[in-house]
Structures are given as C-alpha cells and as structure tokens.
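K.L.:
Output the structure for:
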Amino acid sequence: MTIRSLAIFPGLFARTGAWPGIFALIVLAGAAAVPNPAEARTARSVGSYDGVWNVYFFTRAGNCSSTNSAPFTVSGRRVSSAGGGRVTGGISGAGYVSVRISLGLSAASGTGRLAGNSGAGRWSGIISGDRCSGVWQARRG
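P.N.:
Numbers count the residues shown, from 1 in each chain. I've put the predicted structure just below:
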C-alpha cells in the first residue's frame with residue numbers, strides 16, 4: 001500500500017474523526033516503505049527488467065478506444081519507446097515503473113510494477129481530447 005493509494009479514503013476520517021485511524025494508516029504506510037528481503041535482493045539487480053515489453057492498455061473510463069498496445073524498451077533504469085510515440089520513464093530495482101507516453105496531442109501517464117516477465121498497473125491521460133483512464137498489462141518478449 002502506498003501513500004497515494006491511501007488518498008482514496010478521505011471519507012474515513014470525516015466519518016470517524018478518529019486519530020487512531022490516522023495513526024494506523026501512517027504505520028501501514030511506513031511499513032510499506034520498508035522493502036522485504038526479496039525486494040532488497042531485486043533492488044540490487046540493475047537491468048533485470050531489460051528487454052522489449054509489449055504493453056496492452058485497457059480503457060475503464062472515458063470515450064477512448066477500449067484496447068491499445070505499444071512496445072516499450074527497458075534498459076537499466078530507463079523506459080523508452082520501442083516504436084511509435086514518445087515514451088519516457090523509469091523503473092526501480094524492485095520493478096516499480098512510472099511512464100509518460102505522448103503522441104501528437106495525446107498524452108498519458110502510468111504507474112505499476114513489473115515482476116519476472118509480466119507486469120500490471122494503472123494509466124490516465126487525455127487521448128484525442130478525451131480524458132480517459134484504465135489499467136495496463138505487460139509481457140516481456
């Protein structure tokens with residue numbers, strides 16, 4: 001759980017007004033920031049996500065095409081385009097990825113995680129003038 005994901009519960013504090021609830025969320029957020037031993041080992045292996053990843057985007061909200069795909073290249077800590085559009089982004093040693101894609105007047109940002117030869121996450125942006133969002137899935141190779 002990340003601090004960003006905690007922001008989706010603002011009504012919890014308004015209903016309860018309880019400081020113990022806030023304390024519990026702070027403790028959970030702090031615990032999530034401490035990597036487990038497996039993540040610590042992965043963090044040391046720069047380049048373990050290198051290669052071409054086929055990424056599929058699925059629209060969940062907005063008037064955009066329901067499914068699109070694009071190839072991305074991961075090299076070290078950088079994510080870039082493997083064909084079509086401008087892709088910029090980065091990846092942590094534990095596989096957390098953040099990417100921005102632009103093509104003409106369309107632009108979208110996404111976050112998620114890669115593990116092994118697959119990955120998943122969320123995206124949002126303005127595609128051909130429409131605000132859209134959804135999920136993505138990736139497969140290496």
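K.L.:
tell me the contacts of Ile91?
P.N.:
Tyr49, Val74, Arg77, Arg78, Val79, Val97, Ser98, Leu114 (C-beta atoms under 8 Å, 6 or more residues apart in numbering). For the C-beta atoms, the positions are set from N, CA and C on the backbone; glycine is no exception.
K.L.:
How about it: what's its closest non-neighbour residue?
P.N.:
Val97 (4.6 Å; C-beta to C-beta, 6 or more residues apart in numbering).
K.L.:
what mean pLDDT would you report for stretch 94-106?
P.N.:
Average pLDDT, stretch 94-106: 95.
K.L.:
In CSV, list the C-alpha atoms belonging to it.
P.N.:
Output of stretch 94-106 as CSV, limited to C-alpha atoms (Å, rounded to 0.1, in the frame of the first residue of the first chain):
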residue,chain,number,x,y,z
ALA,A,94,12.1,-3.6,-7.3
GLY,A,95,10.2,-3.3,-10.5
TYR,A,96,8.1,-0.2,-9.8
VAL,A,97,7.6,1.7,-13.0
SER,A,98,6.4,5.2,-13.9
VAL,A,99,6.0,6.2,-17.5
ARG,A,100,4.7,9.1,-19.6
ILE,A,101,3.6,8.5,-23.2
SER,A,102,2.8,11.2,-25.8
LEU,A,103,1.8,11.0,-29.5
GLY,A,104,0.6,14.2,-31.1
LEU,A,105,-1.9,16.0,-28.8
SER,A,106,-2.5,12.8,-26.8
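K.L.:
In it, which residues are buried?
P.N.:
Ala94, Gly95, Tyr96, Val97, Val99, Ile101, Ser106 (16 or more other C-beta atoms under 10 Å).
K.L.:
Hmm, Gly125 and the last one touching each other?
P.N.:
Yes - the pair Ser106 and Gly125 qualifies as a contact (C-beta atoms under 8 Å) at a distance of 7.0 Å.
K.L.:
Need the residues touching each of these two.
P.N.:
What both Ser106 and Gly125 touch, as defined by C-beta under 8 Å, 6+ apart, is an empty set.
K.L.:
sorry, back to before: what helix or strand is the residue nearest to Ile91 on?
P.N.:
strand 96-103 (DSSP states H and E).
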